[in-house]
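Visitor: quick one, what's the 3D model for this:
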Amino acid sequence: MIIVNNVRQSVENRWRDLVDNGKRFTGISPNVDPNTPPDWFNANKFRKSQQLGRKYYGSLGFGQFLGLMVMLYHTEAYATLTSTGQSSNVQKLFRRYLSTLVHVKHWFDFDPFDVNSQAYQSLKYVRGLHRQVASMLTTKWERMEGRDDLPISQYGMTHAQFAFTGFVALYPKQCGLHGLSDDDFDCLLYFWRVIGYCLGCDDRFNLCNGTADEVVGLCQLMFTREWYPLMSADLPVCEGGVEMAKGICLAMNQLARFISYDVIMKYWYPILSIDNKTVELQTYSEIFCI
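Guide: Model prediction:
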């Protein structure tokens with residue numbers, strides 16, 4: 001019980017630091033050197049995490065897809081994504097999220113600290129894109145680091161980490177991850193600690209920094225306090241974000257016919273205890289997916 005209480009307090013402290021301070025720090029931390037593994041990096045553990053990622057790629061992708069959709073319920077995340085003009089129609093959404101799948105595949109396959117690897121080049125490209133968008137929006141919105149909430153902040157990067165691993169951390173079996181040992185589960189979280197670092201997450205704000213219990217606890221707080229109120233609201237707080245999530249499903253349906261906004265929410269609403277929302281499936285193809 002003492003351990004549980006200590007973990008709970010640690011998670012609460014990290015959450016408060018993230019909310020109170022993480023929004024004012026740029027998303028690409030000056031404390032991160034993407035060319036050099038951090039002191040805590042364990043090459044063997046990371047290689048194992050990559051092997052597990054390749055083995056469970058489909059199940060991980062299922063959880064990640066929900067996370068990427070839910071991220072759009074947040075007004076600022078939606079504003080950031082729409083600022084590039086790469087999400088204005090279904091065709092652009094398809095290219096954007098297919099590109100995301102390719103990037104993640106590279107991260108699972110190659111060494112992120114080898115400057116000649118596809119993973120390193122991919123991460124370098126994503127960091128550059130984040131830096132470019134952040135600079136543009138910081139100027140446009142007249143924000144100042146250390147004083148104002150920033151676009152693509154450390155807080156925003158933690159949101160992005162949650163999009164990729166939050167639902168997998170909270171609901172591994174519901175994502176299709178059965179039979180994982182505690183060590184395997186820890187390795188899957190460790191993967192996103194490393195990738196988060198490579199993308200610019202400061203250790204102070206890195207969602208996956210800490211024990212598995214701490215990471216799951218922080219994910220639970222983040223979902224309960226941020227995403228659950230947005231998802232369960234009778235009227236969408238960010239209507240444009242919900243419509244973009246539906247557009248992503250329509251776009252990615254070209255890759256897998258089971259991808260449908262209604263099907264996904266029909267599955268996840270009961271799991272997430274969103275009891276005030278019901279979904280009526282309209283077509284045989286949607287019904288048979290469930």
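
Visitor: report the buried residues of the one helix or strand residue 184 maps to.
Guide: Residue 184 belongs to helix 182-199 when assigned by DSSP states H and E. For helix 182-199, the neighbour count (16 or more other C-beta atoms under 10 Å) marks 184-199 as buried. C-beta: built from backbone N, CA, C; applies to glycine.

Visitor: I'd say residue 11 and residue 211 touch.
Guide: No: between residue 11 and residue 211 there is no contact under C-beta atoms under 8 Å: 10.2 Å.

Visitor: so those two - more neighbours on which side?
Guide: Using other C-beta atoms under 10 Å, the more surrounded residue of residue 11 and residue 211 is residue 11, with 21 against 13.

Visitor: looking at this, the more buried one is in a helix?
Guide: Yes: looking at residue 11 with DSSP: H, G, I helix; E, B strand; the rest coil, it is inside a helix.

Visitor: separation between it and residue 237?
Guide: 25 Å (C-beta to C-beta, to the nearest Å).

Visitor: ditto for residue 117
Guide: Applying C-beta to C-beta, the value for residue 117 to residue 237 is 40 Å.

Visitor: same thing with residue 176?
Guide: For residue 176, the distance to residue 237 - C-beta to C-beta - is 30 Å.

Visitor: need the contact list for residue 51.
Guide: Residues near residue 51 by C-beta atoms under 8 Å, 6 or more residues apart in numbering: none.

Visitor: between the longest helix seen in the chain and helix 182-199, how many degrees?
Guide: Secondary structure of the chain per DSSP state H: the longest helix is helix 118-140. Our comparison of helix 118-140 with helix 182-199, counting by axes from the mean of the first three to the mean of the last three C-alpha atoms, to 10 degrees, yields an angle of 50 degrees.

Visitor: just checking the distance from the next helix or strand after helix 118-140 to the centre of its chain.
Guide: Next in sequence after helix 118-140, counting helices and strands by DSSP H and E, comes helix 154-170. Helix 154-170 sits 4 Å away from the centroid of its parent chain (C-alpha atoms, centre = their mean, to the nearest Å).

Visitor: helix 154-170 vs helix 118-140, what angle?
Guide: 130 degrees.

Visitor: what is helix 154-170 packed up against?
Guide: helix 2-21, helix 57-71, helix 75-82, helix 182-199, helix 212-222 (3 or more C-beta pairs under 8 Å, 6 or more residues apart in numbering; DSSP states H and E).

Visitor: any regions of this protein where pLDDT drops low?
Guide: Across the chain, the ranges flagged by pLDDT under 70 are 1-4, 282-290.

Visitor: which parts of it belong to which domain?
Guide: Using automatic domain parsing, the domain ranges for the chain come out as 2-255, 257-290.

Visitor: deepest in the core, which of these is it.
Guide: domain 2-255 (a mean of 17; mean count of other C-beta atoms under 10 Å).

Visitor: helix or strand for residue 33, which one?
Guide: Counting by DSSP H and E, residue 33 is found in no helix or strand.

Visitor: I'd like the distance between it and residue 161.
Guide: 19 Å.

Visitor: over to residue 245?
Guide: Counting by C-beta to C-beta - residue 245 and residue 161 are separated by 19 Å.

Visitor: what do you get for residue 177?
Guide: Applying C-beta to C-beta to residue 177 and residue 161 gives a distance of 18 Å.
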